[in-house]
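J.: heads up, no residue letters with this:
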Ligand code: UD1
């Protein structure tokens, strides 16, 4: 089992460059199935979720060629299968995008019930509702989801819950449908806009992405021969912003869209940190012990649930008592048990946790309970006194490119040890 060994007590100082967004890349890759051609993707994060998605696309008949570390072409001219291997698709959450994309392309899709981080119940009723509204029948049984239709026909879809995945899936399924689909109460996350921009570049007609009403005018086909660059990762940028504050450091964060980071910026300023936005870079620094704050996670543009654990580390050493209310996922405080092993005083109770700020954390062996929790625990190890060992790195590798190298370059004493 690999582990990260971190000798803590470091102030993070220097420059870090943000990679392409994981959550955009793993929606754009299946979206290529709607094209009958070749497209080039740039700024693709080199992470395990992307590699798994590439393998899945290959099993469907796509040809993937990596041109460099972060650039690849996808050739979808020979798609010959509408069933991705169940063991592969049930490994991670975003495999549900194959349903919308394959329905659009082949009028039939079969995927394993999606897995992913254990954040509590992760229903997909809104995805199914969208497919059914567009004329598909959906069957969930024997560990798989089967969606089929004669043809997809536009409709009005009202989302009962603001869901990132269901919004993207509704877009994917309606791009080639006959007529104009209206998606109401849509999610507004930056990667939804990115998927829509990608598809529009390929000839789709999607309007309103980034607002809560999205209109998709169905088109006959999409074309390839286009290059698209994936948006910078909002959550990775936020992770380094919060690492700067937690370590009382001073970081320049390059290749980010500062508008996507406003809710985090506001909270950092509230707790005594500083943020200076300049074009596509941010300087984030903090000269004092952060002060307490209350946080409620919300859909974009609210404070992102995917930065809640990283913010939890900051509040664990803040001056005073803070409360985090997690309104998106029912089970996202598992990391607090790991932080308490390091001397934090956090009391989780359902969707709320009380953070009684302590002066310092101390190193301990800790286990990443999910992807973002893993990033938070690395930050905890960097600011803690003594040595921390972080286990379960497979969670972290799913979504962060070269994470230990990026932290090492800004001063962290962090090493990956390979173990049997
Ligand atoms: C995406 C992100 C994930 C992030 C989350 C919220 C990807 C691959 N993952 O997950 O990192 O934490 O957005 O920003 O992009 N829900 C339903 N029925 C549904 C769908 C969702 O009840 O059909 C509920 C969920 O249980 C959850 C809430 O809606 O409480 C939001 O989920 P959703 O936005 O769909 O999250 P994901 O797209 O799975």
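T.: Arrived safely, thanks for sending. Computed from a prediction, not measured in an experiment: that's the story for all the values here.

J.: from here on, contacts and neighbour counts on C-alpha atoms
T.: Noted.

J.: Mind giving me the packing neighbours of the helix or strand bottoming out on mean pLDDT in the chain?
T.: Using mean pLDDT, DSSP states H and E, helix 86-89 stands out as the lowest-scoring helix or strand of the chain, at a mean of 86. Contact partners of helix 86-89 among helices and strands, from 3 or more C-alpha pairs under 8 Å, 6 or more residues apart in numbering; DSSP states H and E: helix 48-59, strand 108-112.

J.: ok, now with 10 Å
T.: If contacts are counted by 3 or more C-alpha pairs under 10 Å, 6 or more residues apart in numbering; DSSP states H and E, helix 86-89 sits against helix 48-59, strand 108-112, strand 144-148.

J.: Of the ones you listed, which is nearest the ligand?
T.: Closest to the ligand of the helices and strands packed on helix 86-89 is helix 48-59 (C-alpha to the nearest ligand atom; 9.5 Å).

J.: With respect to residue 281, which of the helices and strands packed on helix 86-89 lies nearest?
T.: With distances scored as C-alpha to C-alpha, the stretch of the helices and strands packed on helix 86-89 nearest to residue 281 is helix 48-59 (25.2 Å).

J.: What is the subsequent helix or strand relative to that closest one?
T.: Using DSSP states H and E, the helix or strand that follows helix 48-59 towards the C-terminus is strand 63-68.

J.: Pull up the pairing partners for that following strand, direction included.
T.: Strand 63-68 sits in its sheet next to strand 71-75 (antiparallel), going by DSSP bridges.

J.: contacts for the strand it pairs with?
T.: Strand 71-75 has contacts (C-alpha atoms under 10 Å, 6 or more residues apart in numbering) with 29, 32-33, 35-46, 54, 57-58, 61-67, 224-230.

J.: can you give me the strands in the stretch 151-300 of the chain?
T.: Taking DSSP state E, counting those that start in this stretch as the test, the strands found in the stretch 151-300 of the chain are 156-158, 180-184, 205-207, 213-217, 226-229, 250-254, 274-278, 281-285, 294-296.

J.: Give the buried residues for the fifth one.
T.: Applying a neighbour-count criterion of 16 or more other C-alpha atoms under 10 Å, the buried positions in strand 226-229 are 227, 228, 229.

J.: Adjacent strands (with direction) for that strand?
T.: Under the criterion DSSP bridges, strand 226-229 sits next to strand 38-42 (parallel) in its sheet.

J.: before we move on, back to that, including distance to the ligand, could the strands of the stretch 151-300 of the chain go into a markdown table?
T.: Shown next, in a markdown table, are these (distance: least, C-alpha to the nearest ligand atom, whole Å):
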| stretch | distance to the ligand |
| --- | --- |
| strand 156-158 | 12 |
| strand 180-184 | 14 |
| strand 205-207 | 19 |
| strand 213-217 | 16 |
| strand 226-229 | 18 |
| strand 250-254 | 21 |
| strand 274-278 | 23 |
| strand 281-285 | 23 |
| strand 294-296 | 13 |
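
J.: could I get the ones you listed as a markdown table with mean pLDDT?
T.: Listed next are these as a markdown table, based on pLDDT from 0 to 100:
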| stretch | mean pLDDT |
| --- | --- |
| strand 156-158 | 97 |
| strand 180-184 | 98 |
| strand 205-207 | 98 |
| strand 213-217 | 98 |
| strand 226-229 | 96 |
| strand 250-254 | 98 |
| strand 274-278 | 97 |
| strand 281-285 | 97 |
| strand 294-296 | 97 |
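
J.: And these: which comes nearest residue 238?
T.: strand 250-254 (9.5 Å).

J.: So which elements touch the closest one?
T.: strand 13-17, helix 234-246, strand 274-278, strand 281-285.

J.: The third one pairs with which strands?
T.: It stands for strand 274-278. Here strand 274-278 is paired, per DSSP bridges, with strand 281-285 (antiparallel).

J.: which other residues reach the strand it pairs with?
T.: Contacts for strand 281-285 (C-alpha under 10 Å, 6+ apart): 12-18, 237, 240-258, 261, 265, 268-269, 272-277.
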